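Asks: sequence and predicted structure are below.
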Amino acid sequence: MSRYQTLDYAERDGVAWVTLDRPEVHNAFDGRMMREIHECWRMLRENDDVRAVVLTGAGDKAFCTGIDRTAAGVGEGGPSEVGRRGSTPLHLDDPGDLLPPKTAGQLWKPVIAAVNGMACGGAFYLLGEVEFIIAAEHATFFDPHTTFGMAAVFEPMLMLQRMPLGEVMRMTLMGNAERLSAQRAHQIGLVQEVVPAAELHEAAHRVAAAIAAQPPLAVQTSVRAVWYAQELGHRQALDVAKTLVQLGTDQESLAEGQRRFASGRRDEWRLR
C-alpha cells in the first residue's frame, strides 16, 4: 500500500516517479496533498537509491491546476487548509511553504517535470523549481488568478526565473483569456522538449535515468551551482563556486571518469 493518499510513488533505475494523483480535480492540491508533497521531497533527500526524480500528474488532462477550489472553504474565500491562519494577515500558510522542491524540500537531486496536460496557477510553485520541463504536445500553461479576482504574486515571481519578463506579464495579466501552447512554451525556453503524449513517460525516464547513472555528488553539486548562479549576484556566485568545486569533487568518481576517458570508450549520444 502506498504511503501517500494523494500521490503515486514508484522507483526504477535510480529514478523516483512522483505522480500527483487527484485526477478527478485535475490534480489540484488540497491541504493533504501539500503536506504529502513536502513529506515526499524531504524523504527523497535521505533515499540514496534515488538519484533523479520525475514529477508528473495522473491522467492526460492535467499536470496540476493549483489550489483545489472545491476543497472546504476555498471556493467561498473562507478559512481552509490552504490560506491564512489567525485573525491577521501576518500568519499565512502559503503553498510556497510546502510545494517547491528547493525552497520547501531543500532537495538538490534533479527534478524533471513531465507535463501531461493543463498546468496553471499554483502548478507554478512546482514548475518554478524543477530543473527542466518535458511537455506533451497537448500541454498548456496559463495563470487564471486575475480572472477570479485574485492577485497573482508568488507564481509569476517563480516563473520569472525561467520565462522572459514580457511572457510572464502577458500570462499573468491575461488570466483565463489565453493559454501558452507546449510549442510556444518551448519557443520561449519554459519547456525544453515537446513530445507526443504517448511518448512523454518514455522521454522523461530516458533523460532521468541517464542523469541517475552519473555520480550523484557531481550531479547534485552541479544542480546547486546553477541555482546559486540564478539566485545570487554574478560575483557572489563565482565566490561560492570555489567552494562547490571542492565539495563536489569525489576522488573515486574522478578516478573512474579518468579511466573511462583513457579507455577510449564513449557513450552513445542522442541529438536533440
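Replies: Here it is on my side, so go on.

Asks: going forward, measure contacts and count neighbours with C-alpha atoms only.
Replies: Fine.

Asks: name the residues that touch stretch 6-20?
Replies: When contacts are defined by CA atoms under 8 Å, 6 or more residues apart in numbering, stretch 6-20 is touched by residues 2, 21-22, 27, 32-33, 36-37, 49-58, 63-64, 205, 208-209, 212-213.

Asks: let's see that with 7 Å instead.
Replies: When contacts are taken as CA atoms under 7 Å, 6 or more residues apart in numbering, the neighbours of stretch 6-20 outside the stretch itself are 21-22, 27, 33, 49-58, 208-209, 212.

Asks: how far does whichever strand or helix holds residue 258 sit from its chain's centre?
Replies: According to DSSP states H and E, residue 258 maps onto helix 251-263. When C-alpha coordinates are averaged (CA atoms, centre = their mean, to the nearest Å), helix 251-263 and its chain have centres 32 Å apart.

Asks: can I get the CA coordinates of it in CSV?
Replies: Output for helix 251-263, consisting of C-alpha atoms alone and laid out as CSV, is shown next (Å, rounded to 0.1, in the frame of the first residue of the first chain):
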residue,chain,number,x,y,z
GLN,A,251,38.2,11.3,-5.8
GLU,A,252,36.8,7.9,-6.6
SER,A,253,34.3,9.2,-9.1
LEU,A,254,37.0,11.4,-10.6
ALA,A,255,39.4,8.5,-11.0
GLU,A,256,36.7,6.3,-12.6
GLY,A,257,36.0,9.2,-15.0
GLN,A,258,39.6,9.4,-16.0
ARG,A,259,39.8,5.6,-16.5
ARG,A,260,36.7,5.9,-18.7
PHE,A,261,38.2,8.7,-20.8
ALA,A,262,41.6,6.9,-21.1
SER,A,263,39.9,3.7,-22.3
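
Asks: going forward, count from 58.
Replies: Sounds good: first residue 58 from here, last item helix 308-320.

Asks: tell me the mean pLDDT over that helix?
Replies: For helix 308-320, mean pLDDT rounds to 77.

Asks: residues of it that come out buried?
Replies: Of the residues in helix 308-320, none is buried under the neighbour-count criterion (16 or more other CA atoms under 10 Å).

Asks: now do stretch 220-238
Replies: Counting neighbours by 16+ other CA under 10 Å, stretch 220-238 gives 220, 224-225, 228-233, 235-238 as buried.

Asks: widest-spaced pair of those?
Replies: Of all pairs drawn from those, the one with the largest separation by CA to CA is 220 and 233; the distance is 18.7 Å.

Asks: one step back: from the contacts of stretch 63-77, which would you call buried?
Replies: Listed as buried from the contacts of stretch 63-77 are 78-79, 84, 90, 107-115, 265-266, 269; burial here means 16+ other CA under 10 Å.

Asks: name the nearest of those relative to residue 178.
Replies: Closest to residue 178 out of the buried ones among the contacts of stretch 63-77 is residue 84 (12.1 Å), distances taken as CA to CA.

Asks: just to revisit the earlier point, mind checking which of the contacts of stretch 63-77 land in strands?
Replies: Using DSSP state E, the members of those that fall in strands are 109, 110, 111, 112, 113, 114.

Asks: ok, so of those, who is nearest residue 304?
Replies: The shortest gap between residue 304 and any of the ones in strands among the contacts of stretch 63-77 belongs to residue 109, at 19.6 Å (CA to CA).

Asks: my read is that the closest one contacts residue 164, right?
Replies: No - proximity of residue 109 to residue 164 does not meet the contact threshold set by CA atoms under 7 Å, at 10.5 Å.

Asks: from the chain's centre, how far out does stretch 241-254 sit?
Replies: Its chain's average C-alpha position is 15 Å from that of stretch 241-254, according to CA atoms, centre = their mean.

Asks: returning to what we had before: make JSON lines out of the ones in strands among the contacts of stretch 63-77 and add pLDDT and distance to residue 68.
Replies: What follows is those, written out as JSON lines (pLDDT from 0 to 100; distance: CA to CA, whole Å):
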{"residue": "109", "pLDDT": "98", "distance to residue 68": "10"}
{"residue": "110", "pLDDT": "98", "distance to residue 68": "9"}
{"residue": "111", "pLDDT": "98", "distance to residue 68": "10"}
{"residue": "112", "pLDDT": "98", "distance to residue 68": "12"}
{"residue": "113", "pLDDT": "98", "distance to residue 68": "14"}
{"residue": "114", "pLDDT": "98", "distance to residue 68": "16"}
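
Asks: that's all I had, so thanks and see you.
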